[in-house]
Every structure is written in structure tokens, then in C-alpha cells.
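Asker: Fold the following.
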Amino acid sequence: MNIQAKDILSRYPALSKQAVDTLWEKERSSFTHQIIVLDDDPTGVQTVHGVSVYTDWTQESIEQGFLEDNDIFFILTNSRAFSEEETRRVHQDIAERTAAVSKQLNRPYLLISRGDSTLRGHYPLETEVLYQTLKEQGDSIDGEVILPFFYEGGRLTIEGVHYVRQEDELIPAGETEFAKDRTFGYRSSHLADYVEEKTGGRFPAKDVTLIPLHLIRKLAVDEITDLLMNVNGFNKIVVDAAEEQDVRVFAIALMRALKQGKRFLYRTAAAFTKVIGDITSRPLLTASELVDPDSASGGLIMVGSHVQKTTDQLHKLKELPQLHFIELDAHLVLEPERFREEVERVRLDAEENVREGVTTVIYTRRERLDLGENMKEKELQLSVDISRAVTSIVQNFTVRPRYLIAKGGITSSDIGTRGLGVKRADVAGQVAPGIPVWTTGEESKFPHLPYVIFPGNVGAVTTLRDVAAMLENRT
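Answerer: Below is the predicted model:
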């Protein structure tokens, strides 16, 4: 049942920022863990800036991340586009290498599985593989923190129920289009029930520990710490949060528990990574900070995500008359030769327009390819094939665009890693709430390119249009 946001939030008193900041400074100043965030698509950096993103997980890259001045770095796995077997293998490799580097450098660490704030992805597979692998390495883990709160996207958890905010209403996540995802769908909005559902009953809802909002708003740090200290057996901890300060209060208690020897894994959205990484807020990026004023070429916008929000945003984007639009018939993926011809047609058309200074939008056909029942793995594979074809357009592009926007998680990951050949990027900040920008590295196809990573499920219906208009105006 939908509820009015003001009705439920009015039940809880506001936190004192000064009181929270005082406690935070005391705890965070003595916190020495290295924070490694495993990002299942490139949107996990949508709350941070001034951090590194690595697109591989070799032991050398992990060690380089540990040795940076920052105490947080991201590894882009893009596992939401993986099969279960590939997801298992990658997370086992990362856990083994992280444990080895930690022992080599004698530094403790936090391992965060950053997932979708609307609960889609390989859960519980990712954290269970991390848990089992670390256990084999001699590292005991007491529990798992589940914290999908993401304010910029309107994802709030209150009284254990996860909501998606639309205008002034809070809709239980299990009643949204995201819960109907053909690959990662679910029924439960109450996160304890979600855990029981996703684990097939191995972790019953009754055993899940809730960190409730009423304790957080009372600043009851000692009580929250006690709740964390009592968790064992890899049981789950669900954290309420309706604003970023709520996450900060929880993190204060968490750091106290860690200092007393507790160990946890984390399945969270982007807000927790910003808070635990102690990353400040910064103003949104402007065109003057991103776009080379001397560039005569047009921008390039690649739209791949098929959630309804993206389709609605694409329709609004078409209101900008100066843009050139090209549809890629992705359904031709079932006919490989015709599909190759289609991809080549689109690339040549786009190159011609970008070269002439016209920003070009390439978007995949909006109707989802539906193969019928019991074909989830096949559909996932075809979506990967389509994404690789879209990626090849960037990979083979002969004109440097003024900027590049990629819409959708899988799309933006494949374009970043395969299309642009990025090995390490710097996160410049956000161009709109929840929409991060990479500055590509020297090794990439187009060094120092502003690369806007636009999640499929983020933003108002006008946000894609507004971002493009801002970059076009260079103001």
C-alpha cells in the first residue's frame, strides 16, 4: 500500500547535526580499515568524488588501491550482467586476493558489495561467496549488513520496509516495476522477508536484526552497538534510513563494534559507501568544469536501459531539437548477420553527425526482447550480446566526442571498460543527483573524456534532457 512520505516521516524527530558530527569525528579519526567497494555496475559511485575506480581485480590493482592515500576505492565487477557461475568465480577471486593483500600489508578492511537500491542483482550469491571464501582463508565473519537506502534515488527503509519514493508517495519496493525484473525479481518489500525469500528460508525473517529508525533518531549509539555485538552465524542486519544522517549514526555504532572485534560483510546501495568512506558533499558539476570549450565535435549519448523510467526520459530528450537520434534495432540480435549490418549502419551515421558538431543519441529499440518462460539465462545472454554490440560502436568510433553519456548500468559498464578501454578512472563528482561522471584515464581510447554514467532507474522524467541541455549550452 502506498503511503504519504510526510505521514510516516513525521513520526520521527530530526537528528542534531552537531551531536552526530561530534560523535562521528571521535570514531572516524581512529578508524583504520581499508574500504573496498565491489560495484555490480558503474553507478555505485553516484554519491562520491575524488576516488578511484578500477575495472579489473588483479592482485596488483587491489594492492594499488590499498596503497592509495584514500582509504576507499571501487572495483567495477559489473556482475549484474554476469551468469551465476561467472559471478561466483569473480567474487571468489576478489575475496582471496583482498585477504592476501590485507595480510601482506597488515591492514584490516571492509568489503562492500554495492548493489542496486531497488534490490536487483545476484543476492545472496555475491556475499555468500565472499563469506565462504574468506572463511576458507581463516577470516571469520559475524554477519551481513543490508542497507539499500539511497536518498538521491528516493529509496528509503523505514520500520524494515524498503520504499521507492515517487513524488510525495512511498511505494513498497516489492510493488514497483523493479520487483518484476525478469532476471532478479522478488516479492517482498519488508527486508527481513526479502532475506528469507532470497535465501530460500536458510535465513528466516525472525532471525534478522533490525536497526530501527526510532533508535537512530534517539542517537542510541550504545543500544545499536549492542545489537551488532549480538549478531553471529552470518545472520543479517537490516538498517532503517530516511536521510544520510541516519546512515552516519549507524556507522558510528558499526565502527565501535568493529573496534571490539566484530566482522561483517555489506550489501548496500551507494549512500553507505559515501558515509563510511567519509566523503564530503560537493556541488553538482557544471558544463564549464567538464566540456572542452575548444572542441568542435558533438557529444554522444548511448541509451540502453529498458526500464520504463529510461524510456520516458528518452521521450523527453527528444524535445531537444538540436540532437540527432538513431534507433538501433536490437531485436536483430536473433539474426547475427543482419545485426552486424545494423550496428555498422548506426555507427557510420553517428560518426558523420558527431564529426559535424551534432550531438547524436543512439538508443536501442524500446520493446524488450521476450523469449518466454524459463528463458531468463538466455535473455540475459542476449542482453549482454546487445550491450557488446552497442559497446562496439564506441570501441570503433573514429571521432572523439565532446562528451559521452551512457544510460543504463550494463550499457555504461561495457562502454567504459570495453568501449573506452578504461583501466582506472577518477570520479569527478555528479552532474545531477545520483548521476556520476568519470574522467577517463590516460590508457583509455579517449583520455580525459567526461563520461557521464546515467543509471537506468534514477532521475526525474526530465533529468536526461536537462543534463544534455546543460552540456550542450556549456554553462
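
Asker: For this structure, give me the ranges with low pLDDT.
Answerer: 1, 371-372, 374-376, 474-475 (pLDDT under 70).

Asker: domain assignment for it?
Answerer: What automatic domain parsing lists as the domains of the chain is 3-276, 287-473.

Asker: can you pull out the strands in the stretch 101-250 of the chain?
Answerer: Using DSSP state E, counting those that start in this stretch, the strands found in the stretch 101-250 of the chain span residues 109-114, 143-147, 155-158, 161-166, 169-172, 209-211, 235-239.

Asker: sorry, back to before: could the domains of the chain go into TSV alongside mean neighbour count?
Answerer: Bear in mind the C-beta positions are built from the backbone N, C-alpha and C, glycine included. Shown next, in TSV, are the domains of the chain (neighbours: other CB atoms under 10 Å):
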stretch	mean neighbour count
domain 3-276	19
domain 287-473	19
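
Asker: hmm, back to that, mind putting the strands of the stretch 101-250 of the chain in a markdown table, distance to G409 included?
Answerer: Listed next are the strands of the stretch 101-250 of the chain as a markdown table, based on distance: least, CB to CB, whole Å:
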| stretch | distance to G409 |
| --- | --- |
| strand 109-114 | 11 |
| strand 143-147 | 19 |
| strand 155-158 | 15 |
| strand 161-166 | 17 |
| strand 169-172 | 21 |
| strand 209-211 | 28 |
| strand 235-239 | 23 |
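
Asker: which one of those strands lies closest to N70?
Answerer: strand 109-114 (13.3 Å; CB to CB).

Asker: so how far is that closest one from its chain's centroid?
Answerer: Centroid displacement of strand 109-114 relative to its chain, using CA atoms, centre = their mean, to the nearest Å, is 13 Å.

Asker: So in that sheet, which strands flank that strand, and in what orientation?
Answerer: Here strand 109-114 is paired, per DSSP bridges, with strand 34-39 (parallel), strand 264-268 (parallel).

Asker: Mind putting the ones you listed into JSON lines with distance to R88?
Answerer: Converted to JSON lines, these look like this (distance: least, CB to CB, whole Å):
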{"stretch": "strand 34-39", "distance to R88": "13"}
{"stretch": "strand 264-268", "distance to R88": "15"}
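
Asker: picking that back up, which stretch among the strands of the stretch 101-250 of the chain approaches K262 most closely?
Answerer: strand 143-147 (7.8 Å).

Asker: what angle separates that closest one from strand 235-239?
Answerer: Angle of strand 143-147 versus strand 235-239, following axes from the mean of the first three to the mean of the last three CA atoms, to 10 degrees, is 30 degrees.

Asker: Name every strand pairing with strand 143-147 and say which way it goes.
Answerer: strand 235-239 (parallel), strand 264-268 (parallel).

Asker: pull the CA atoms of the following helix or strand past the last one into PDB?
Answerer: The one in question is strand 264-268. Using DSSP states H and E, the helix or strand that follows strand 264-268 towards the C-terminus is helix 270-276. Only the C-alpha atoms of helix 270-276 are listed here, as PDB (Å, rounded to 0.1, in the frame of the first residue of the first chain):
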ATOM      1  CA  ALA A 270      25.600   4.000  -2.700                       C
ATOM      2  CA  ALA A 271      24.800   6.100   0.400                       C
ATOM      3  CA  PHE A 272      26.700   3.800   2.800                       C
ATOM      4  CA  THR A 273      29.900   3.900   0.700                       C
ATOM      5  CA  LYS A 274      30.000   7.800   0.900                       C
ATOM      6  CA  VAL A 275      29.300   7.800   4.600                       C
ATOM      7  CA  ILE A 276      31.800   5.100   5.700                       C
END
